[in-house]
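# build the 3D model from these lines:
(2 chains)
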There are 2 protein chains.
Amino acid sequence: MSAPMHETRLRSATREVVIGRQHRFCLIGERINPTGRRIFQDQIRAGDLSAVERDVASQVAGGADVLDVNMGVPLVDEAELLAKVVTMIQGLTDLPLCIDSSVVEALEAGLAAYDGRALVNSITAEDERMEQILPLVKKYDAAVIALPNDVDEIPMEPDKRLALVEKIVRVATTEYGIPIEDIVIDPLAMPIGADVTTGLATLETMRRIRDTYGLNMTCGSSNVSFGMPGRHELNGTFLSMAMTAGLTSAIMDTRTPEVVSAVKATDLLMGHDEWGMAWISRHRAAQAAAT
Amino acid sequence: MSAPMHETRLRSATREVVIGRQHRFCLIGERINPTGRRIFQDQIRAGDLSAVERDVASQVAGGADVLDVNMGVPLVDEAELLAKVVTMIQGLTDLPLCIDSSVVEALEAGLAAYDGRALVNSITAEDERMEQILPLVKKYDAAVIALPNDVDEIPMEPDKRLALVEKIVRVATTEYGIPIEDIVIDPLAMPIGADVTTGLATLETMRRIRDTYGLNMTCGSSNVSFGMPGRHELNGTFLSMAMTAGLTSAIMDTRTPEVVSAVKATDLLMGHDEWGMAWISRHRAAQAAAT
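From the prediction side, this is the model:
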């Protein structure tokens, strides 16, 4: 428990968000993504970006602290589109952005269009991904999400994941000069329905990353419940448990109040909501909306 | 993490319940208690115990694994009443019982009327309580809930609570010959609304009790949310967090599905619900009830 508690600072032109264990949990809203949304994809190809506007508004209303932006649409120039959408979103909200793409050129175009300190989503421990993306992270003074998986496998054992985290930290800090506090690890929460032991393994991985490196962590909140009923409740419960193990942010659709609520309750119980004011306000707003 | 994982075995005449970290969380249903229920108290004075029957049925239906029985009614012979109710409940359910009283004679009468291994609720670290109650725990081969508070204070600091746990364990095992696995610590969860730092302090106390002694733990699930809105959600979230810190049971009203559900989700995520069958069944039953 002697590792420092790193703080990851993200910024838009006018607002800073700090991810860290002394701060309330950071919600990265992830709806701005055409994957699996055929109508949205057709609109984008027709030059209609109105869905982006609605998605930004709904993620902000749901309580997002940062917005994840992914514009992977088949048969579209992703770099050009992502730059355009990043520019557009900066006119809609002052929340910092997480620039999300599997295409290196798109990441670069998105970063170039962004005025602030973005979060880049994502690298893995694969040499090629690090070689391509870490220079961009450095050049644009961004932070980066890193997944502890390698070319050949997504290891389940905490030891193997820790070894890949060690590699990522070593390469990013010593070879590319990325400050350690700008590395945010996604420890890869796997579906509990496939193997009920993965929950504890993920929590152990998180505790070890926290205690060994003091790194911030994020995860997709919905993987864990894949194939199960009661998904929102499982997702929220998992985040509460993971927050006690060092998880400091999650990538999630903030339109799901059950999951946001679980995070806010955990913030309160972890002492990150002075006098419970945020929790109480949330309940007053919910009551007002219900009447 | 090298402390053994103790198992506390409770029994009725025909059923055993094991509290322990390798087992699913133990729900101790606590509704069978006239405190604050004026009608119930009047009925008891008039010899009408029909409310006990309803309370047993509703706690069992809610998923209780053990039933807490308290019969503290002003102006009533609590020892006689508790013995009578303990006898009655053994004809209604095969769940093991937790015999709950602040009156030593009532505890003894309840234990004498019980056929099995009961849980006794409760001792503190006060010498007088231990001297009065631990011989009964030994005589009736029961397990016992112990609260780490002393005559003069309920300490908030984990160090002080650990020191009181040490005293309880030492006295109970060496002076009264109680096996360590039959001591269940209630680490005293305090209201978060009074002081938002108490949540983390309680979780740290739990982790240290687990890692130092491997003892089972229980707590009242509703204290933590006292004075706050959204109490069920806070209570459920707190239990999920506490389960990752070593809490293995809770004393709660199982008629609150939100809290029971949080426990069941956590059981699944901790690998205590093979294939998720209990979670899936619970959702099927809820769906069937809703249609």
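
# can you tell me, leaving aside adjacent residues, what's nearest to A:Glu105?
A:Ala79 (4.5 Å; CB to CB, 6 or more residues apart in numbering or on different chains). (Glycine included, C-beta is placed from N, CA and C.)

# element containing that neighbour?
Per DSSP states H and E, A:Ala79 falls inside helix A:78-90.

# packing partners for that helix?
Helices and strands touching helix A:78-90, by 3 or more CB pairs under 8 Å, 6 or more residues apart in numbering or on different chains; DSSP states H and E, are helix A:50-62, strand A:66-70, strand A:97-100, helix A:104-112.

# which secondary element of chain A has the worst mean pLDDT?
Scoring the helices and strands of chain A by mean pLDDT, DSSP states H and E places helix A:277-290 at the bottom, with a mean of 92.

# B:Gln41: which of the helices and strands packed on helix A:78-90 is closest?
helix A:50-62 (46.8 Å; CB to CB).

# by how many degrees do the closest one and strand A:66-70 diverge?
160 degrees (axes from the mean of the first three to the mean of the last three CA atoms, to 10 degrees).

# buried residues in helix A:50-62, which are they?
A:51-52, A:55-56, A:58-60, A:62 (16 or more other CB atoms under 10 Å in any protein chain shown).

# what does stretch A:76-83 give?
A:78-79, A:81-83.

# got it, and stretch A:261-278?
Neighbour-count burial for stretch A:261-278, counted by 16+ other CB under 10 Å, picks out A:261-273, A:276, A:278.

# what's the answer for stretch A:217-235, then?
A:217-219, A:221-225, A:228-235.

# about what we covered before: list the contacts for the residue nearest to A:Glu105?
Counting by CB atoms under 8 Å, 6 or more residues apart in numbering or on different chains, A:Ala79 touches A:103, A:105-106, A:108-110.

# just give me the neighbour total for the residue nearest to A:Ile178 when sequence neighbours are not counted.
Leaving aside its sequence neighbours, A:Ile178 sits nearest to A:Ala172 (CB to CB, 6+ apart; 4.2 Å). The local packing of A:Ala172 (other CB atoms under 10 Å in any protein chain shown) involves 23 other residues.

# I'd say A:Ala172 and A:Ile133 touch.
No: at 9.9 Å, A:Ala172 does not count as touching A:Ile133 under the criterion of CB atoms under 8 Å.

# any shared contact partners between those two?
In contact with both A:Ala172 and A:Ile133: A:Val144, using CB under 8 Å, 6+ apart.

# surely A:Pro96 and A:Leu119 touch.
Yes: at 7.2 Å, A:Pro96 counts as touching A:Leu119 under the criterion of CB under 8 Å.

# same question for stretch A:236-252, mean pLDDT?
Average pLDDT, stretch A:236-252: 98.

# could you do stretch A:132-146 as well?
Averaging pLDDT along stretch A:132-146 yields 98.

# what sits against whichever residue of the stretch 51-200 of chain A sits closest to chain B?
As assessed by CB to the nearest CB, chain B sits closest to A:Gly199 within the stretch 51-200 of chain A, at 4.0 Å. Going by CB under 8 Å, 6+ apart, A:Gly199 touches A:192, A:224, A:238, A:241, B:268-271.

# would you check how far apart A:Gly214 and A:Ile180 are?
Distance, A:Gly214 to A:Ile180, by CB to CB, to the nearest Å: 8 Å.

# what do the two both touch?
A:His6.

# the helices in chain A, which residues?
A:38-45, A:50-62, A:78-90, A:104-112, A:127-139, A:158-170, A:198-213, A:231-244, A:257-269, A:277-290 (DSSP state H).
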